[in-house]
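> Here you go, sequence then predicted model.
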Amino acid sequence: MTTDSNRAGAHVSAHRLRHAARILHAGGVVAHATEGVWGLACDPLDPAAVLRLLTLKQRDIERGLIVIGADSTQLEPFVASDADQAWARATESWPAAITWLLPAADNTPWWLTGAHDSIALRQTAHADSAALCRAFGGALVSTSANISARPPVRSTWQARARLGTHRRTLVDMILGGTPDTPGRPSTIRDARSGETLRGR
């Protein structure tokens, strides 16, 4: 369920969110603030959009991608139907800056899971990220807005400097917003074992 705290902190305008949602539905890539760093968002079910995002990041498709949602109902279709215990462990912690690796549903696109049998999901605690998912009407790929192995984007000015200028645009829109805890990426945990793979 979307919490009031998700709504209360949002400060990107409804007009810009609607515009971003149209871009995403058209196969575009949008840069946006998340809990700790800036992310790149696209439609997770659009393989061309995902491939463009991966090319921009120079990220190996076999590594898989994080998918975020405004509530658990947007994320549940990506999870295996027999993963009740792992799913409960994840949903009990959300919304939070915690990404859980969950057993992937059989019909989850391979470009999201990569070489794994799991998928990385997060019910975002970031107000503007949640608002973007609601405006889009579903879950979104959200991966750090940087070239793989390079430092993450931590501010609007860095996003504009690295992702787009008046002469060169790598993404279709820089949405704006501010990370809640700048410079601290989400924790990643395995929902089957509870193991922390990346801490805050």
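Looks like it came in fine. Numbers count the residues shown, from 1 in each chain.
> mind listing what the residue positioned nearest the centre of the chain touches?
Most central in the chain under CA atoms, centre = their mean is Ser142, positioned 2.2 Å from the mean C-alpha point. Residues near Ser142 by CB atoms under 8 Å, 6 or more residues apart in numbering: His32, Thr34, Gly39, Leu40, Ala41, Ile66, Val67, Ile68, Arg122, Thr124, Ser129. The way it works is simple: take the backbone N, C-alpha and C, and place the C-beta from them, glycine included.
> Could you report the neighbour count for the nearest residue to the last one once chain neighbours are set aside?
Closest residue in space to Ser129, ignoring its immediate chain neighbours: Thr34 at 5.3 Å, by CB to CB, 6 or more residues apart in numbering. Around Thr34 there are 29 other residues, counting by other CB atoms under 10 Å.
> now the contacts of Ser142 as CSV including pLDDT, distance to His11 and secondary structure?
Listed next are the contacts of Ser142 as CSV, based on pLDDT from 0 to 100; distance: CB to CB, whole Å; DSSP: H, G, I helix; E, B strand; the rest coil:
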residue, pLDDT, distance to His11, secondary structure
His32, 93, 12, strand
Thr34, 93, 14, coil
Gly39, 91, 17, strand
Leu40, 94, 20, strand
Ala41, 97, 17, strand
Ile66, 97, 23, strand
Val67, 98, 24, strand
Ile68, 98, 18, strand
Arg122, 98, 21, strand
Thr124, 97, 15, coil
Ser129, 96, 12, helix
